[in-house]
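**Q** mind folding the following:
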Amino acid sequence: MKRSLIAAGLLLSVMIICCLGYKFLNSTTDDIITLSDTALKYAEESNTEQMISTAHEIKNIWVKKESILSAITPHGETESMDEIIEKLIHFAENEKIDEYKEYCVELKAKASFIKEEEKLSLRNIF
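**A** Predicted structure coming up:
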């Protein structure tokens with residue numbers, strides 16, 4: 001009986017951790033997607049000051065949450081997101097608007113991909 005209770009407790013703990021991890025991942029990717037859209041809007045308007053500001057805002061969110069995300073997603077995904085964000089900042093500071101737009105779209109696509117790949121499903125559990 002004790003073993004069954006311990007097993008049930010452990011199963012419940014794992015389920016709670018998975019759900020919390022999913023919510024964290026979902027909110028982080030939503031923030032990055034929203035900021036990518038905002039950055040793209042500023043690039044369309046050729047507002048370089050806001051482009052730089054938005055790129056740094058994305059970087060700040062990423063720095064705060066990267067360590068947890070790398071624990072719940074494949075490292076290759078988080079490393080590629082980090083590279084995209086660095087390039088985004090570089091192009092914003094050098095006022096290369098076309099490249100900036102390209103990386104905004106790539107960042108949004110990568111965040112959407114991670115969100116879709118890590119959603120709670122039987123395929124991801126087993």
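**Q** ok, now which ones touch the most centrally placed residue in the chain?
**A** Nearest to the geometric centre of the chain sits Thr29, at 3.9 Å (CA atoms, centre = their mean). Thr29 is in contact with Ala111, Ser112, Ile114, Lys115, counting by CB atoms under 8 Å, 6 or more residues apart in numbering. (C-beta placed from N, C-alpha, C; glycine too.)
**Q** apply 7 Å and report the result again.
**A** Ala111, Ile114, Lys115 (CB atoms under 7 Å, 6 or more residues apart in numbering).
**Q** please apply the same query to Ile97.
**A** Counting by CB under 7 Å, 6+ apart, Ile97 touches Ala43, Ser46.
**Q** longest helix in this structure, by residue count?
**A** helix 2-44 (DSSP state H).
**Q** can you report phi and psi for Ser46?
**A** Backbone geometry at Ser46, expressed as degrees, to the nearest 10, gives phi 60, psi 40.
**Q** neighbours around Phe91, how many?
**A** As a burial measure, Phe91 scores 22 neighbours (other CB atoms under 10 Å).
**Q** distance of it from Glu44?
**A** Distance, Phe91 to Glu44, by CB to CB, to the nearest Å: 14 Å.
**Q** same question for Asp37.
**A** With CB to CB as the criterion, Asp37 and Glu44 are 11 Å apart.
**Q** who has more neighbours, those two?
**A** Set Asp37 next to Glu44 and count neighbours by other CB under 10 Å: Asp37 wins out with 14 against 11.
**Q** gap between that one and His75?
**A** On the measure of CB to CB, Asp37 and His75 end up 26 Å apart.
**Q** so where's this protein shaky on pLDDT?
**A** 120-126 (pLDDT under 70).
**Q** go again using 50 as the cut-off
**A** The chain contains no residues with pLDDT under 50.
**Q** residues in contact with Asp31?
**A** By CB under 7 Å, 6+ apart, the residues touching Asp31 are Ile61.
**Q** number of nearby residues for Ile58?
**A** 25.
**Q** correction: the previous question concerned Glu106.
**A** Using other CB under 10 Å, Glu106 has 17 other residues around it.
**Q** that concludes my questions; thank you for your assistance.
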